[in-house]
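Asks: Give me a model of this one.
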Amino acid sequence: MLKNNIPQIRLYTDGSARGNPGPGGYGAILEWVGKNYVKEFSEGYRMTTNNRMELLAVIIGLEKLLTPGMNVLVVSDSKYVVDSVSKGWVFTWEKNRFAKKKNPDLWIRFLKIYRKHQVVFQWIKGHNLHPQNERCDFLAVEASKKKRLLIDEFFESQKSENQLGLK
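Replies: From the prediction side, this is the model:
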């Protein structure tokens with residue numbers, strides 16, 4: 001729960017993968033409540049999944065906050081991310097060392113930054129004309145179409161190990 005129930009920051013996020021897996025991207029918008037300050041972030045990856053990009057969007061947004069202890073409302077259309085945190089699943093996964101769970105690298109990174117702030121999540125329906133969600137979707141899709149895409153090293157190494165029968 002946020003201190004005084006008032007968010008200082010609203011973080012809108014979305015992730016995309018063209019093919020799942022396939023080229024993907026994330027989009028995030030940080031809005032400072034009561035101030036005229038909005039910042040957008042996006043990046044694309046050559047091979048990833050939609051869920052990884054949904055989670056990475058939240059991580060990047062939270063990592064951009066330089067002052068610890070911020071009250072943050074994360075608005076996302078990802079049931080995967082919102083339910084995992086709001087319903088407490090990720091904390092059980094952490095206790096079980098993420099055994100047989102997807103995206104442990106990102107969940108560990110998420111928990112590290114999540115614990116530096118007061119964060120609550122709000123799920124919204126995607127592609128429902130919510131202005132910030134539509135913008136994040138646009139940023140994520142456009143990022144996935146860039147000529148130079150980053151490498152999602154954890155995902156690609158896991159995929160290689162699975163193809164070789166090492167996992």
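Asks: For the rest of this, base every contact and every neighbour count on C-alpha atoms.
Replies: Noted.
Asks: For the residue most central in space within the chain, pull up the helix or strand it's in.
Replies: Central residue of the chain (Cα atoms, centre = their mean): Leu55, 2.6 Å from the mean position. Assigned by DSSP states H and E, Leu55 belongs to helix 50-63.
Asks: If you count contacts, what does that helix end up packed against?
Replies: Judged by 3 or more Cα pairs under 8 Å, 6 or more residues apart in numbering; DSSP states H and E, helix 50-63 is in contact with strand 9-17, strand 22-32, helix 79-86, helix 104-114.
Asks: Kindly compare burial across those and name the winner.
Replies: By mean neighbour count, with neighbours taken as mean count of other Cα atoms under 10 Å, strand 9-17 ranks first of these at a mean of 28.
Asks: Return the list of strands paired to it, each annotated with direction.
Replies: Note on strand 9-17: by DSSP bridges, its sheet partners are strand 22-32 (antiparallel), strand 71-76 (parallel).
Asks: For the helix holding Leu55, report the contacting residues that lie outside it.
Replies: 11, 13-17, 20-21, 24-30, 41-42, 74, 78, 80-81, 103, 106-107, 109-110, 113-114 (Cα atoms under 8 Å, 6 or more residues apart in numbering).
Asks: circling back to that earlier point, can you say which of the helices and strands packed on helix 50-63 is nearest to Val120?
Replies: For Val120, the closest of those is helix 79-86, at 7.7 Å, according to Cα to Cα.
Asks: Report the rounded mean pLDDT for whichever helix or strand comes after that closest one.
Replies: Under the assignment DSSP H and E, the closest C-terminal helix or strand after helix 79-86 is helix 89-95. On average, the pLDDT along helix 89-95 is 97.
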